[in-house]
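S.K.: I need the structure of the sequence given here:
(one chain, ligands or ions: 1)
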Amino acid sequence: MDYLDNPIDFNNPRIASVFDEVSYWASHFAHLIFQHLELRPNLNVLDIGCGTGVPLFELAHIHGSTCQFTGVDIWQEALDRAALKLDVYGLTNVTLLKIDGNTLPFPDAHFDLIVSNLGVNNFDNPEAMLTQCARIAKRDARLVITTNIVGHMREFYEIYRQVLTDFGKPEYLERLAANEEHRSTRESLTRRLENADFRISKVIEDSFTLRYLDGRAFLHHWFIRLGFIDQWRKVVDKDDERAVFADLETRLNEYAQRHGELKLTVPMLYVEGIRAV
Ligand SMILES: C[S@@+](CC[C@H](N)C(=O)[O-])C[C@H]1O[C@@H](n2cnc3c(N)ncnc32)[C@H](O)[C@@H]1O
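M.R.: Sure thing, here's the model as predicted:
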């Protein structure tokens, strides 16, 4: 179980250097934006939590030179990688800034379009950030958020729940439920935007499937280790984690054997709001 012994550290520069591979995950969500966002000229656009440049660079390419783009993130190594890509692409209408989305130090009514792919909604204090978004959005500006929602990897959660039920510590089941339910729903996310004075103009629900040969492959996938293992291990106390994860891996393997593979459903949401006042 080396995935428990060697957690992946975002501050390790080697992680940012290969972060593009994550776009296999992120690209499903970014694809929703590329499919459903109406294209317009002369926009001033902000991408919050742009990471290594998703969807920032594609949007800049798609819209062309009449539009200006700013990407912000707090992750320096990812911004360094984005800067390298920006240099290689030779785009002159994109600026990268190391800025915490909680502060967004831009003038009032500054942007025509604000996007965030797997971003704002998953940050600490999204309400405060959305209030900032409303402040820096021009009247009638669009805010576009994509995210995974409740129901995310439900097949995995069902098996984890069985493992914890048999383990016999009810507090673990409560923690797992809290982890599963912390994600937004269509209702909670649209309400959040409305509360920040954005009128909902478009909502798209979709899903995709992650596929693994077995549970072992799944738990060792570097992106699962980077993005998810940490929250799943917090469900159990340290002393129990090896026993729980050994059982979990066994049951995921058994499930995969019964079904031919381990398939995990990832429901996605694209929500677009218009700055109402
Ligand atoms: C799941 S990643 C998505 C990155 C990128 N949008 C993509 O689709 O590949 C979330 C990003 O949000 C950034 N982030 C987290 N908290 C933030 C904050 N308070 N302000 C700005 N960016 C933040 C992370 O550093 C990370 O790059």
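
S.K.: and stretch 162-177, how far apart are its ends?
M.R.: 12 Å (CA to CA, to the nearest Å).

S.K.: mean confidence score for that stretch?
M.R.: What stretch 162-177 shows for mean pLDDT is 98.

S.K.: buried set for that stretch?
M.R.: Of the residues in stretch 162-177, those buried by neighbour count under the rule 16 or more other CB atoms under 10 Å are 163-164, 167, 172-173, 175-176. Every C-beta, even on glycine, is put in place using the N, C-alpha and C of the backbone.

S.K.: Pull the distance from that stretch to the chain's centre.
M.R.: Mean C-alpha position of stretch 162-177 versus that of the full chain (CA atoms, centre = their mean, to the nearest Å) differs by 26 Å.

S.K.: contacting residues around that stretch?
M.R.: Judged by CB atoms under 8 Å, 6 or more residues apart in numbering, the contacts made with stretch 162-177 from elsewhere in the structure are 157, 160-161, 234-236, 240, 243-244, 247-248, 251.

S.K.: hey, where'd the strands end up in the stretch 1-150 of the chain?
M.R.: Using DSSP state E, counting those that start in this stretch, the strands of the stretch 1-150 of the chain run over 44-48, 68-73, 94-98, 111-117, 137-148.

S.K.: contacting residues around the residue lying closest to T95 once chain neighbours are set aside?
M.R.: Counting by CB to CB, 6 or more residues apart in numbering, T70 is the residue found nearest to T95 once chain neighbours are left out, at 4.8 Å. Shown here is T70, whose contacts under the criterion CB under 8 Å, 6+ apart are 44-47, 94-97.

S.K.: Closest one to S27 out of these, please.
M.R.: The shortest distance between S27 and any of the contacts of T70, using CB to CB, involves D47 and amounts to 14.9 Å.

S.K.: Might one say that the closest one is in contact with E58?
M.R.: No. Using CB atoms under 8 Å, D47 is not in contact with E58, being 10.2 Å away.

S.K.: So these two - more neighbours on which side?
M.R.: Higher neighbour count among D47 and E58: D47, with 28 against 16, using other CB atoms under 10 Å.

S.K.: Which residues of the stretch 101-250 of the chain lie near the ligand?
M.R.: Taking CB under 6 Å from any ligand atom as the test, the list of the stretch 101-250 of the chain residues beside the ligand reads 101-102, 117-119, 123.

S.K.: Pull out the buried residues from those.
M.R.: If we count by 16+ other CB under 10 Å, those have these buried: 101, 117-119, 123.

S.K.: In CSV: those, plus pLDDT.
M.R.: Formatted as CSV, those follow (pLDDT from 0 to 100):
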residue, pLDDT
G101, 91
N117, 97
L118, 95
G119, 93
F123, 85
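
S.K.: still on that earlier bit, so how do I select the buried members of the contacts of stretch 162-177 in ChimeraX?
M.R.: Selection command for ChimeraX covering only the buried members of those, criterion 16+ other CB under 10 Å:
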select :157,160,235,236,244,247,248,251
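
S.K.: can you list the contacts of stretch 162-177 in a markdown table and add distance to R139?
M.R.: Output for the contacts of stretch 162-177, formatted as a markdown table (distance: CB to CB, whole Å):
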| residue | distance to R139 |
| --- | --- |
| Y157 | 42 |
| Y160 | 46 |
| R161 | 47 |
| K234 | 43 |
| V235 | 45 |
| V236 | 49 |
| D240 | 54 |
| A243 | 57 |
| V244 | 52 |
| D247 | 55 |
| L248 | 51 |
| R251 | 53 |
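
S.K.: which residues of the stretch 101-250 of the chain fall in helices?
M.R.: With DSSP state H, counting those that start in this stretch as the criterion, the stretch 101-250 of the chain has helices at 126-136, 154-167, 170-181, 186-195, 215-220, 222-224, 230-233, 241-259.

S.K.: report the angle between the axes of the second one and helix 170-181?
M.R.: Spelled out, it's helix 154-167. Interaxial angle of helix 154-167 relative to helix 170-181 (axes from the mean of the first three to the mean of the last three CA atoms, to 10 degrees): 170 degrees.
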